[in-house]
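[1] what's the 3D shape of this:
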Amino acid sequence: MSTDTYLAVFLGSKTSSKWTAWNAMPEAERKAKEQAGMAAWKGWVEKHQGAIEPMGGPLGKTKKVDGKGIADIANEMGAFTVVRAASHEAAAKMFENHPHFTIFPGERVEIMPVLPIPSG
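    Down below sits the predicted model:
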């Protein structure tokens with residue numbers, strides 16, 4: 001079963017050394033990096049705009065539901081986007097050197113195929 005649609009999930013731990021260093025930066029320096037990061041992210045979107053659908057966005061607080069009930073938890077997921085590409089490898093290449101981890105304190109982007117739901 002092949003697909004040309006891929007889900008990209010932006011990940012990073014708020015307890016990582018990258019986040020600790022980010023939060024320890026002087027406010028003016030951090031704000032300047034945020035502006036540079038947003039400009040770079042906008043450039044990434046413009047470069048890949050024909051492949052992005054939908055753009056996605058940040059993810060909010062997480063709730064876990066299991067046999068014990070409902071609980072608030074934290075995980076590494078921070079945002080998502082959906083892209084179209086000729087292959088899984090081509091989709092992954094779109095995220096090489098992404099600002100999420102080259103400027104911002106994110107750790108990685110994981111890309112996975114969105115498989116069609118079997119009918120019948």
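
[2] so where is the chain shaky, pLDDT-wise?
    Where the chain drops to pLDDT under 70, the residues are 1-2.

[3] can you map out the strands along it?
    Ranges of strands within the chain are 5-11, 57-58, 62-66, 69-73, 77-84, 108-113, based on DSSP state E.

[4] for A51, which of those is the nearest?
    Of all the strands of the chain, strand 77-84 sits nearest to A51, with 4.8 Å by CB to CB. In short, each C-beta sits where N, CA and C put it, glycine included.

[5] which stretches of this structure form helices?
    Assigned by DSSP state H, the helices in the chain fall at 17-24, 27-48, 88-93, 99-102.

[6] right, so those helices: which one is the most enclosed?
    Of all the helices of the chain, helix 99-102 has the most neighbours on average by mean count of other CB atoms under 10 Å, namely a mean of 17.

[7] tell me the helices and strands packed up against that helix.
    Where contact means 3 or more CB pairs under 8 Å, 6 or more residues apart in numbering; DSSP states H and E, helix 99-102 is packed against helix 27-48, strand 108-113.

[8] same thing but at 10 Å, please
    In this structure, helix 99-102 packs against strand 5-11, helix 27-48, strand 108-113, with contacts taken as 3 or more CB pairs under 10 Å, 6 or more residues apart in numbering; DSSP states H and E.

[9] how about the strands of the chain in JSON lines, adding mean neighbour count?
    Formatted as JSON lines, the strands of the chain follow (neighbours: other CB atoms under 10 Å):
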{"stretch": "strand 5-11", "mean neighbour count": "18"}
{"stretch": "strand 57-58", "mean neighbour count": "9"}
{"stretch": "strand 62-66", "mean neighbour count": "9"}
{"stretch": "strand 69-73", "mean neighbour count": "8"}
{"stretch": "strand 77-84", "mean neighbour count": "18"}
{"stretch": "strand 108-113", "mean neighbour count": "16"}
